[in-house]
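[1] Predicted model, plus sequence, below.
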Amino acid sequence: MGMDWEKRIKELRHFEGLKQDALALQLGVSQASVSQWERGVTEPPAQIQTALLARLASTPVSQFKRALCLSVRMSPNIACLLSMRNGDAIINVISRSTLKLTTLIGEDDVNRPIRGKFGAETDSQLDRLIKAGLFEARVESAMTVSLLERGVHRLPIYCSLTSFKVEDGDVVVRAEVRLPYNVDTDAAAVRPSVKIVRERLCDEIWQ
């Protein structure tokens, strides 16, 4: 399986806060070359690939965490970054789009536990994810189908969750939510489920 250079170069620029022209200058190539690599038109030459992999391998944890938070904040979807604190799953960051797409989650929920906010079924799914080890990076990711309930509001969602071990054993979970095509009519048809993905699906990318 070949390296996804489009994704890797975008990640590097994201991690280090670089524009294409700045990265091009550092690598001794043209901005057009970097643009072509990111669009998948061409691949970097071998010596550039080696340099890029070395840069990715040495990305400071602080920059990775910042990039992860930024990817959540700028997501066009309902998205959040979660972690465990004193035995509770906490919402650390939410996307700006969350505030536009739903009234069920707001800034007042940031830095507060999830449990008890969105109904018994959501709490049950959270317990399964914690037990499976999602917040310990013992599993790579999970996918859930659920019906969030808060007051009189109900929202059917499809959620993908991915765990990241970031520093000193700390783990954060990035949650990205997709809404069904017709939220109102699909709410009654939701069949809650949890699928745990135990394999490290992306290990080959970093080899």
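    Done, it's in. Since the structure is predicted, the reported quantities are computational estimates derived from the model, not experimental observations. Residues are numbered from 1 along each chain as shown.
[2] all contacts plus neighbour counts: C-alpha atoms, from now on.
    Will do.
[3] What's opposite the residue nearest to the spatial centre of the chain in the beta bridge?
    The chain has residue 174 as the residue nearest its centroid, 3.7 Å off, counting by C-alpha atoms, centre = their mean. Residue 174 forms beta bridges with residue 81, residue 162, as assigned by DSSP bridges.
[4] give the contact list for residue 135.
    Counting by C-alpha atoms under 8 Å, 6 or more residues apart in numbering, residue 135 makes contact with 83, 84, 129, 163, 171, 172, 173.
[5] coming back round to it: which residues does the residue nearest to the centre of the chain contact?
    By C-alpha under 8 Å, 6+ apart, the contact list for residue 174 reads 72, 79, 80, 81, 82, 161, 162, 163, 164.
[6] Same question for residue 28.
    Contacts of residue 28 by C-alpha under 8 Å, 6+ apart: none found.
[7] separation between it and residue 118?
    Distance of residue 28 to residue 118, computed by C-alpha to C-alpha, to the nearest Å: 52 Å.
[8] In this structure residue 112 contacts residue 86, no?
    No. In this structure residue 112 lies outside contact range of residue 86 using C-alpha atoms under 8 Å: 11.4 Å.
[9] Tell me which of those two has more neighbours.
    Taking neighbours as other C-alpha atoms under 10 Å, residue 112 and residue 86 compare with residue 112 leading, 15 against 7.
[10] What values do phi and psi take at the more buried one?
    When read as degrees, to the nearest 10, the backbone of residue 112 gives phi -130, psi 160.
[11] same question, residue 158
    Torsion angles, degrees, to the nearest 10, at residue 158: phi -120, psi 120.
[12] Pull the number of nearby residues for it.
    Using other C-alpha under 10 Å, the number of residues around residue 158 comes to 17.
[13] Show the contacting residues for the nearest residue to it once chain neighbours are set aside.
    Computed as C-alpha to C-alpha, 6 or more residues apart in numbering, the closest residue to residue 158 that is not its neighbour in sequence is residue 145, at 4.7 Å. Shown in contact with residue 145 (C-alpha under 8 Å, 6+ apart): 156, 157, 158, 159, 190, 191, 192, 193, 194.
[14] Would you mind listing the residues in contact with the second one?
    Meaning residue 157. Counting by C-alpha under 8 Å, 6+ apart, residue 157 touches 145, 146, 147, 148, 177, 178, 179, 180.
[15] Can you say which of those residues are buried?
    Among the contacts of residue 157, those classed as buried by 16 or more other C-alpha atoms under 10 Å are 145, 146, 147, 148, 177.
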